[in-house]
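here's my sequence, what's the structure:
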Amino acid sequence: MPYKEIRYALSDGMAVVTLNRPEVMNALSTQMRAELTDALRRGGAEARVVVLTGAGRAFCSGQDLGDGVGAAGLDLERVLRDEYEPLLSAIYDCPVPTISAVNGPAAGAGANIALAADVVIASENAAFIQAFTRIGLMPDAGGTWWLPRQVGFARAMGAMLFADKIPARQAVDWGMIWEAVAEVDFAHHWRVRAGQLAQGPTVAHGAIKRALREGYGNDLPTQLALEAKLQGVCGTTRDFREGVLAFLEKRPAAFEGR
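Predicted coordinates:
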């Protein structure tokens, strides 16, 4: 698929997907959603880490209300089911680690797409806004699932009812995101972080993702059995053998991702 509203770059095991409509703060159009879904799936197949970020001063302002979704009588259920769900699944089901590098404001669906990633790194000038009630809607794009799991029921409810801006530092304090970084250091920092994952043990990364997610619904015996199963797989990899050898030889491990 030729991309018109995003950019895709692959190097050194890192796929960087950039929302590229800075003139509208990277608002989500039907075209952009289709391109993002394709690029994220492509990154999951080609790379060892996938980064989602935005061009210009914003990460994503949410749904492009000029794209027809706000029109009276439009089937919002269909749009969410047919356009947003595949996009969110492409992030959530990605076989390699995903990072949202939130370079500026993330509002509405833009906030919830950011929160769908495994790790969220934000610039200190970024903020997260569950802006839906400002236009008479409820949060969607997975927000009612991600947010209470990240910050707790009370904070999720307040953030969604009041649609308050949550600055990046506050988001860190709440446990909503992994870290907030000074704007001057942001671009370098997330690339270093993504590089760490791209050079890491990819099979182990995938096992961590699965174990943490399934752990929400498992009792302890089930989770211990899952850990044993996944660790058994990790123990058969070249990366495990390399990791042990590197430890014994007192040198950094050179993981191959298999």
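
and the strands in the chain?
Using DSSP state E, the strands of the chain run over 6-11, 14-19, 49-54, 98-102, 106-107, 119-123, 127-129, 165-167, 179-181.

just checking: what are the partner strands of the last one?
Read it as strand 179-181. strand 119-123 (parallel) (DSSP bridges).

and what of the third one?
According to DSSP bridges, strand 49-54 forms sheet pairs with strand 14-19 (parallel), strand 98-102 (parallel).

what's the most buried one of those strands?
Stretch with highest mean neighbour count among the strands paired with strand 49-54: strand 98-102 (a mean of 27; mean count of other C-beta atoms under 10 Å). The way it works is simple: take the backbone N, C-alpha and C, and place the C-beta from them, glycine included.

tell me the helices in the stretch 1-150 of the chain, going along the chain?
Using DSSP state H, counting those that start in this stretch, the helices assigned to the stretch 1-150 of the chain run over residues 30-46, 76-79, 85-92, 109-115, 143-151.

what's the closest of the ones you listed to G206?
Closest to G206 of the helices of the stretch 1-150 of the chain, according to C-beta to C-beta: helix 30-46, at 10.4 Å.

what helices or strands is that closest one leaning on?
With contacts taken as 3 or more C-beta pairs under 8 Å, 6 or more residues apart in numbering; DSSP states H and E, helix 30-46 sits against strand 6-11, strand 14-19, strand 49-54, helix 85-92.

CSV for the ones you listed, including distance to G158?
Output for the helices and strands packed on helix 30-46, formatted as CSV (distance: least, C-beta to C-beta, whole Å):
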stretch, distance to G158
strand 6-11, 33
strand 14-19, 28
strand 49-54, 26
helix 85-92, 23
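
looking at the ones you listed, which is buried most?
Of all the helices and strands packed on helix 30-46, strand 49-54 has the most neighbours on average by mean count of other C-beta under 10 Å, namely a mean of 28.

I'd like the average pLDDT over that one.
The average pLDDT for strand 49-54 rounds to 98.

so what touches it?
Residues outside strand 49-54 that contact it (C-beta atoms under 8 Å, 6 or more residues apart in numbering): 13-19, 22, 26, 36, 40, 43-44, 59-60, 91, 94, 96-104, 113-114, 117, 190, 194, 197-198.

related to what we said a few turns ago, would you list the strands paired with strand 49-54 in TSV and tack on distance to K209 and mean pLDDT?
Shown next, in TSV, are those (distance: least, C-beta to C-beta, whole Å; pLDDT from 0 to 100):
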stretch	distance to K209	mean pLDDT
strand 14-19	16	98
strand 98-102	9	98
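
possible to save the ones you listed as TSV with distance to A246?
Listed next are those as TSV, based on distance: least, C-beta to C-beta, whole Å:
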stretch	distance to A246
strand 14-19	22
strand 98-102	25
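
out of the helices and strands packed on helix 30-46, which is closest to L226?
Comparing the helices and strands packed on helix 30-46 under C-beta to C-beta, the one sitting nearest is helix 85-92, at 18.1 Å.

picking up where we left off before, so which of the helices of the stretch 1-150 of the chain is the most surrounded?
Most buried of the helices of the stretch 1-150 of the chain, by mean neighbour count (mean count of other C-beta under 10 Å): helix 109-115, with a mean of 28.

distance-wise, check E183 relative to V172.
According to C-beta to C-beta, to the nearest Å, E183 and V172 sit 15 Å apart.

what about these two, which has more around it?
Per other C-beta atoms under 10 Å, whichever of E183 and V172 has more neighbours is V172, with 17 against 14.

okay, I6: pLDDT?
pLDDT for I6: 98.
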